[in-house]
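Colleague: Give me the fold of what follows.
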Amino acid sequence: MSKIHIVTDSTADLSSDQILQYNIQVVPLTIQIDGKTYTDGVDIDGESFLDLMKSSKELPKSSQPAVGIFHELYNELGKDGDQIISIHMTGGMSGTVKSAQAAAEMSSSDVTVIDSRFISYALSFQVLEAAQLIEQGASLGEVIKHVESVRERTNLFVVVDTLENLVKGGRIGKGKALIGSLLSIKPIASLEGGEYTPVHKARSHKQVVQYLFDQYQKDTEGKKVKYVGISQANGFAMADPLKKRIEDSGFNDIQVAFTSPVISTHTGIGAIGFMYMVE
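Modeller: Model (predicted):
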């Protein structure tokens with residue numbers, strides 16, 4: 001009987017135990033900083049990357065995996081007729097999903113590529129839910145349908161503490177950044193439709209926490225919360241009080257991790273990502 005394999009990329013915040021438990025294949029992205037290239041999750045992690053970025057003269061750059069890496073993996077996993085679901089970070093922030101799609105078209109294996117439209121824990125929600133269903137014996141069609149449902153029941157917000165990286169990355173102009181810095185504005189964005197979409201401006205960390213907690217309560221009212229994740233790039237001033245507010249409201253199983261180097265490159269130091277999913 002054929003099996004279904006799961007492939008994802010290194011921007012999914014999965015623990016080594018989860019990867020091992022469900023035999024998830026993780027394809028890493030690479031980071032270039034000060035003339036050196038690092039492999040995400042292999043020879044650099046989120047915390048040590050922040051130290052490198054702090055002293056870096058230029059904005060680091062991230063690169064999606066080559067088509068050939070996906071192609072080789074798909075051919076190996078599907079050589080005995082097994083099926084493959086490849087779930088990746090939003091195509092709105094990276095070409096990773098396009099690399100995967102190109103490889104799937106070249107491969108003789110049965111590969112379904114899914115754009116999660118999210119990053120970090122919000123991507124891992126889809127990966128873990130798919131893995132659990134596969135373990136229960138679900139068909140490929142059932143898993144794909146469920147992953148789409150998970151996506152619809154997930155919210156993600158990104159908050160940056162400094163506008164510097166958004167300017168360097170070409171996401172906002174220098175004029176807006178100067179005004180924003182003078183006013184100490186902390187832009188809050190969602191990943192609605194897989195793209196960075198500004199939704200609110202806060203003037204302090206306290207206002208950020210209040211806004212995010214209010215949104216969480218509004219979106220989860222009358223529903224059962226299944227996952228909550230906070231990803232942070234030394235953004236403890238927002239991450240810690242937000243975590244406490246969520247715990248005080250009755251949900252205690254909050255996953256917290258350092259933001260992937262790929263994401264930190266865009267957001268800069270001090271940023272947080274806040275994600276949750278309802279059943």
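
Colleague: Spatially nearest residue to residue 195 (excluding sequence neighbours)?
Modeller: Here the nearest residue to residue 195 in space, its sequence neighbours aside, is residue 92; by CB to CB, 6 or more residues apart in numbering that works out to 3.9 Å. Quick note: C-beta positions are derived from backbone N, CA and C, even for glycine.

Colleague: immediately after the helix or strand of the chain with the lowest mean pLDDT, which helix or strand?
Modeller: Among the secondary structure pieces of the chain, namely its helices and strands, helix 174-182 has the lowest mean (mean pLDDT, DSSP states H and E), a mean of 43. Past helix 174-182, heading to the C-terminal end, the next element that is a helix or strand (DSSP states H and E) is strand 186-190.

Colleague: shaky segments in the stretch 101-250 of the chain?
Modeller: 162-184 (pLDDT under 70).

Colleague: same thing but 50
Modeller: Scanning the stretch 101-250 of the chain for pLDDT under 50 picks out the ranges 170-183.

Colleague: Helices along that one, start to end?
Modeller: Taking DSSP state H, counting those that start in this stretch as the criterion, the stretch 101-250 of the chain contains helices spanning 120-135, 140-152, 164-168, 174-182, 205-220, 236-248.

Colleague: Output the first one as PDB, nothing but the C-alphas.
Modeller: So that's helix 120-135. Once side chains and other backbone atoms are set aside, the C-alpha atoms of helix 120-135 remain, and they are given as PDB (Å, rounded to 0.1, in the frame of the first residue of the first chain):
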ATOM      1  CA  SER A 120       6.300  30.200  10.900                       C
ATOM      2  CA  TYR A 121       3.900  28.400  13.300                       C
ATOM      3  CA  ALA A 122       0.900  29.200  11.000                       C
ATOM      4  CA  LEU A 123       2.700  27.100   8.300                       C
ATOM      5  CA  SER A 124       3.400  24.300  10.800                       C
ATOM      6  CA  PHE A 125      -0.300  24.100  11.800                       C
ATOM      7  CA  GLN A 126      -1.000  22.900   8.300                       C
ATOM      8  CA  VAL A 127       1.900  20.500   8.200                       C
ATOM      9  CA  LEU A 128       1.100  19.000  11.600                       C
ATOM     10  CA  GLU A 129      -2.600  18.600  10.800                       C
ATOM     11  CA  ALA A 130      -1.800  16.900   7.500                       C
ATOM     12  CA  ALA A 131       0.700  14.600   9.200                       C
ATOM     13  CA  GLN A 132      -1.800  13.600  11.900                       C
ATOM     14  CA  LEU A 133      -4.500  12.800   9.300                       C
ATOM     15  CA  ILE A 134      -2.100  10.700   7.200                       C
ATOM     16  CA  GLU A 135      -1.200   8.800  10.400                       C
END
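
Colleague: Thanks a lot, catch you later.
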